[in-house]
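Engineer: 3D, please:
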Amino acid sequence: MLSLAACCVAAGCGGRGGGSAVTPGGRESSARVRPMTSLSTSPWKAVSLVQPLTTIGGASADTSGAWVSDAAAGTLQRVTTGGATQFTTSASSVHGLSLGSDGIAFSYPAGYGDQPDASPATLFPVPLPSGAYFASGEIAYNTSLEVIYLGGYVQKNANCTDGIDAVPAGGTSGTPYLGNGYSTVCGPQFLRIDSTNSDVWFSEGTTPRYLADLSLSAGKVTDHHLPAAAAAAIPGDLAAGANGDIYFSLCNVTDSHPGGGNFMVRVNAGSTQQTLFSTYSTCANTVDSMLYDPNDGRVWLANDTNTLTAVRTTDGSVSTYTLTNGSSASSGFKALALGPDRALWAFRESDADAHAYPDQLIGAVPSYVYTLQGQPVTVTIAEQNYSGDFTAGVVAGSNASCTVTPIVSGRSQTEFSVASPPGTACTVSFSDTNGVATVYVPVVTATNTGIPPHPQTQPS
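Structural biologist: Okay, the predicted model is just below:
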């Protein structure tokens, strides 16, 4: 069995500790406050919401906790490990959320609003010219420039062009920046500011579809083609990573490697190179369904299932985490937020609870196997704060000659022998006995295959 230190090397563990409750204030409703509780033997934790979310509008976080909006009810809820607090706005509906200067900024159909941590929300209506509309859920707040970016589109006859309205914080008039070309698909689906605060990225609805970025210094929008392997993809949600990197979830195109699922792509305004990652899952395609954890370099994806996917961007290693308890939820996880205490919060519609996953991360060493001559390779599995066995399997679509066998030596089943003949395609999976955490390990049996999760660099 690996030591805890070795486990953290394998899983890339960080340490999401518990946080203290925040004293509420302002225009709010009291929660059914109870401490974060465990779900059976699962590492997942639950906190009661003030009321279940009817239609999730978005999620984000500030220094006081994680936030989630209910688009249908026009409300916000702040969640910490100590409980949940609800804030009622005067907006008819509340959509996307973004970190604000003194709380959370949110979008609504007529503009944007500001919800401080301890006072009523303020609405800022932003009039638009005829034929221009805001896209629900699209907001990003540049705290260094004090500018709100709202996603929208301009309609011309039956077609539209996407754009972004840049509004000074506290103002009600913005500067529009339009994308290139017209399309029958109206509105950028998602937008984010990169970590350098120099570009705002969004997905255009044109055909073929592009990844677009608004350069704040140049004041213009530039389109970036998708990599050839994913040229037919439809961009989903996106997350801002380190050093100006942006990660897009790509829908509609499936990786051909065994179990590959939909792609994720990394782009950067300062480079012509793009990097494809396999995710072994379906795409993230709702507002705030992706986030980047700067503490360990993972991108997390929620795809309307009860399983979250984590892609480690340093080597492309993919792991998944499943909430196994039943509930009255009418959806899978739709939105994510990383709380100030590093609890990863996930939200479902019609669920009485918000759910947090701590740093009980699973990992494999090596994270992808090179066996060019078909020789067996030993893979060691570890999961932080878990000391049980792991079960192994060969992912559907793999070559029938691919094998994965436990190495039994009187210890727990944490070591496995993996092999596959040269020139074959194979992926193996390893799961804990709780049915929560799974890690995927591709088996590379030929040179220059670029098999995921080894990231595949592509020209733009």
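Engineer: Enumerate every residue touching D199.
Structural biologist: 193, 213-216, 244, 246, 269 (CB atoms under 8 Å, 6 or more residues apart in numbering). Placement of C-beta: from N, CA and C, glycine included.
Engineer: Kindly present those as JSON lines, with separate columns for neighbour count and pLDDT.
Structural biologist: JSON lines is the format used below for these (neighbours: other CB atoms under 10 Å; pLDDT from 0 to 100):
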{"residue": "I193", "neighbour count": "23", "pLDDT": "90"}
{"residue": "D213", "neighbour count": "24", "pLDDT": "89"}
{"residue": "L214", "neighbour count": "24", "pLDDT": "90"}
{"residue": "S215", "neighbour count": "14", "pLDDT": "89"}
{"residue": "L216", "neighbour count": "20", "pLDDT": "86"}
{"residue": "G244", "neighbour count": "19", "pLDDT": "93"}
{"residue": "I246", "neighbour count": "25", "pLDDT": "95"}
{"residue": "A269", "neighbour count": "17", "pLDDT": "90"}
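Engineer: Quick one: the helices in the chain, in order.
Structural biologist: Counting by DSSP state H, the chain has these helices, from start to end: 4-11.
Engineer: Can you pull the domain assignment for it?
Structural biologist: 27-362, 364-459 (automatic domain parsing).
Engineer: and among those domains, the most buried is which?
Structural biologist: domain 27-362 (a mean of 21; mean count of other CB atoms under 10 Å).
Engineer: How far off centre is it?
Structural biologist: 8 Å (CA atoms, centre = their mean, to the nearest Å).
Engineer: Which residues are in contact with the residue nearest the centre of the chain?
Structural biologist: Compute the mean C-alpha point of the chain, and by CA atoms, centre = their mean the closest residue is M290, 1.7 Å away. By CB under 8 Å, 6+ apart, M290 lies in contact with 236-239, 247, 249, 284, 299-302, 336.
Engineer: Save the contacts of D199 as JSON lines, and put in distance to H257 too.
Structural biologist: Conversion of the contacts of D199 to JSON lines gives the following (distance: CB to CB, whole Å):
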{"residue": "I193", "distance to H257": "33"}
{"residue": "D213", "distance to H257": "29"}
{"residue": "L214", "distance to H257": "34"}
{"residue": "S215", "distance to H257": "35"}
{"residue": "L216", "distance to H257": "38"}
{"residue": "G244", "distance to H257": "28"}
{"residue": "I246", "distance to H257": "24"}
{"residue": "A269", "distance to H257": "29"}
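Engineer: Mind picking the one among those residues that's closest to V126?
Structural biologist: L214 (17.2 Å; CB to CB).
Engineer: beta partners of the closest one?
Structural biologist: V200, V221 (DSSP bridges).
Engineer: for it, what are its contacts?
Structural biologist: By CB under 8 Å, 6+ apart, L214 lies in contact with 164, 177, 199-202, 220-221.
Engineer: Name the nearest of these relative to E383.
Structural biologist: Using CB to CB, W201 is the member of the contacts of L214 that sits closest to E383, with 33.8 Å.
Engineer: in terms of contact, does that closest one touch L216 like I think?
Structural biologist: No: in this structure, W201 is not within contact of L216 by CB atoms under 8 Å, at 11.5 Å.
Engineer: ok, and the closest non-adjacent residue to G131?
Structural biologist: Q155 (4.9 Å; CB to CB, 6 or more residues apart in numbering).
Engineer: ugh, wrong one, I meant S38
Structural biologist: K45 (6.0 Å).
Engineer: Dihedrals phi and psi, Y386?
Structural biologist: phi -140, psi 130 (degrees, to the nearest 10).
Engineer: before we move on, what about A169?
Structural biologist: Dihedral angles (degrees, to the nearest 10) for A169: phi -60, psi 130.
Engineer: which residues touch it?
Structural biologist: 101, 141, 146-148.
Engineer: doesn't T80 make contact with A66?
Structural biologist: Yes: A66 lies in contact with T80 (CB under 8 Å); the separation is 7.4 Å.
Engineer: which residues do those two both contact?
Structural biologist: Counting by CB under 8 Å, 6+ apart, the contacts common to A66 and T80 are G339.
Engineer: which sections of this protein are below the confidence cut-off?
Structural biologist: Scanning the chain for pLDDT under 70 picks out the ranges 1-36, 40, 180-181, 187-189, 205-208, 409-411, 448-460.
Engineer: and with 50 instead?
Structural biologist: 1-33, 453, 459-460 (pLDDT under 50).
Engineer: Find the nearest non-adjacent residue to A356, please.
Structural biologist: Per CB to CB, 6+ apart, closest to A356 is A343, 4.2 Å.
Engineer: how near is W345 to V68?
Structural biologist: Noted for W345: a distance of 8 Å to V68, by CB to CB, to the nearest Å.
Engineer: Overlap in contacts, those two.
Structural biologist: 59, 79, 337, 354.
Engineer: Does the second one touch S64 like I think?
Structural biologist: In this case it means V79. No: in this structure V79 lies outside contact range of S64 using CB under 8 Å: 10.2 Å.
Engineer: wait, S38 sits on H355?
Structural biologist: No: counting by CB under 8 Å, S38 does not reach H355; the two are 11.2 Å apart.
Engineer: Could you tell me which residues touch both of those two?
Structural biologist: Joint contacts of S38 and H355 (CB under 8 Å, 6+ apart) are 44-45.
Engineer: If the residue nearest to S38 is in a bridge, with which residues?
Structural biologist: Beta-bridge partners, per DSSP bridges, of K45: S38, A356.
Engineer: tell me the contacts of it?
Structural biologist: Here K45 is in contact with 36-39, 81, 343, 355-358 (CB under 8 Å, 6+ apart).
Engineer: mind checking the end-to-end distance for stretch 352-368?
Structural biologist: Between the opening and closing residues of stretch 352-368 lies a distance of 39 Å (CA to CA, to the nearest Å).
Engineer: tell me how far that stretch is from the chain's mean position?
Structural biologist: The mean C-alpha position of stretch 352-368 is separated from the chain mean by 14 Å, CA atoms, centre = their mean.
Engineer: if we can go back for a sec, out of the contacts of A169, who's nearest T254?
Structural biologist: Set against T254, the nearest of those by CB to CB is Y141 (34.8 Å).
Engineer: Alright, I will stop here.
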